[in-house]
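Undergrad: Any chance you can model this:
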Amino acid sequence: MADRVGKIMSGLRRFARNRRGVAAVEFAMIGPVFILLMCGILENGLILLTQSVLDNATRVASRQILLGTVASSSAFTTAVCNNASSIIPSCTTNLKVNVQAGSSFASFTATPQTDANNNMINTAFNQGIGQQYVLVQVGYNRPFLLPWYGTFAGVKSELLVSTLAFKNEPY
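TA: Numbering: from 1, shown residues only. Coordinates of the predicted model:
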């Protein structure tokens with residue numbers, strides 16, 4: 001029995017001293033975490049890029065409301081899509097627009113209302129008249145590039161909302 005225990009112990013000592021395959025074992029432990037981290041950085045970078053493009057397109061299109069050259073929701077959506085269609089597929093159907101006009105900024109509700117699927121549901125278009133305050137919100141539900149990434153958050157897409165407030169020019 002002692003001889004058998006001695007063989008087992010010497011085998012364990014040889015196994016502990018053996019360094020072949022250490023890099024493969026270390027990569028098997030650290031590799032998945034590293035790949036997950038890189039995928040998260042990529043996904044978040046794309047979200048920030050899309051948000052930046054949406055903000056710029058909303059700002060450019062809102063200038064047309066400011067000057068009184070846009071009179072409908074479809075014309076405004078087209079103006080946004082002219083600047084954002086490079087990164088937002090099927091832009092005119094995927095954007096939700098909410099434009100409110102009022103006598104003061106305090107009268108606006110700036111929180112976007114969403115349904116169970118994280119879609120923006122408060123979609124109205126009232127560009128107001130000269131000297132009125134206007135709140136413009138453009139929402140886009142961006143699907144995740146890596147579908148499993150959204151399972152951590154419990155959603156299938158990320159709602160990106162660009163908000164702009166201004167006072168109309170007199171016309």
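Undergrad: Find the residue closest to the residue nearest the centre of the chain in space, skipping its chain neighbours.
TA: Centroid-nearest residue in the chain, with CA atoms, centre = their mean: residue 47, separated by 4.0 Å. In this structure, residue 47 finds its nearest non-sequential neighbour in residue 158, 5.8 Å apart by CB to CB, 6 or more residues apart in numbering. (C-beta placed from N, C-alpha, C; glycine too.)
Undergrad: Can you list the helices and strands that the helix or strand containing the one you found packs against?
TA: Element membership for residue 158, per DSSP states H and E: strand 157-167. Taking 3 or more CB pairs under 8 Å, 6 or more residues apart in numbering; DSSP states H and E as contact, the helices and strands that strand 157-167 lies on are helix 22-67, strand 133-143.
Undergrad: looking at these, which is buried most?
TA: For those, the largest average neighbour count (mean count of other CB atoms under 10 Å) is found in strand 133-143, namely a mean of 21.
Undergrad: Name every strand pairing with that one and say which way it goes.
TA: Using DSSP bridges, strand 133-143 pairs in its sheet with strand 95-102 (antiparallel), strand 157-167 (antiparallel).
Undergrad: Reformat the ones you listed as a markdown table; add mean pLDDT and mean neighbour count.
TA: Converted to a markdown table, the strands paired with strand 133-143 look like this (pLDDT from 0 to 100; neighbours: other CB atoms under 10 Å):
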| stretch | mean pLDDT | mean neighbour count |
| --- | --- | --- |
| strand 95-102 | 93 | 20 |
| strand 157-167 | 92 | 17 |
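Undergrad: Provide a list of residue ranges in the protein with pLDDT below threshold.
TA: For the chain, the stretches with pLDDT under 70 are 1-2, 153, 171.
Undergrad: 50 - rerun?
TA: Counting by pLDDT under 50, not a single residue of the chain qualifies.
Undergrad: Excluding its own residues, what touches stretch 144-158? List them.
TA: By CB atoms under 8 Å, 6 or more residues apart in numbering, the surrounding residues in contact with stretch 144-158 are 39-40, 42-43, 46-47, 117-118, 141-143.
Undergrad: Need these in JSON lines (columns: distance to residue 166).
TA: Output for the contacts of stretch 144-158, formatted as JSON lines (distance: CB to CB, whole Å):
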{"residue": "39", "distance to residue 166": "38"}
{"residue": "40", "distance to residue 166": "36"}
{"residue": "42", "distance to residue 166": "35"}
{"residue": "43", "distance to residue 166": "32"}
{"residue": "46", "distance to residue 166": "29"}
{"residue": "47", "distance to residue 166": "26"}
{"residue": "117", "distance to residue 166": "30"}
{"residue": "118", "distance to residue 166": "27"}
{"residue": "141", "distance to residue 166": "25"}
{"residue": "142", "distance to residue 166": "25"}
{"residue": "143", "distance to residue 166": "31"}
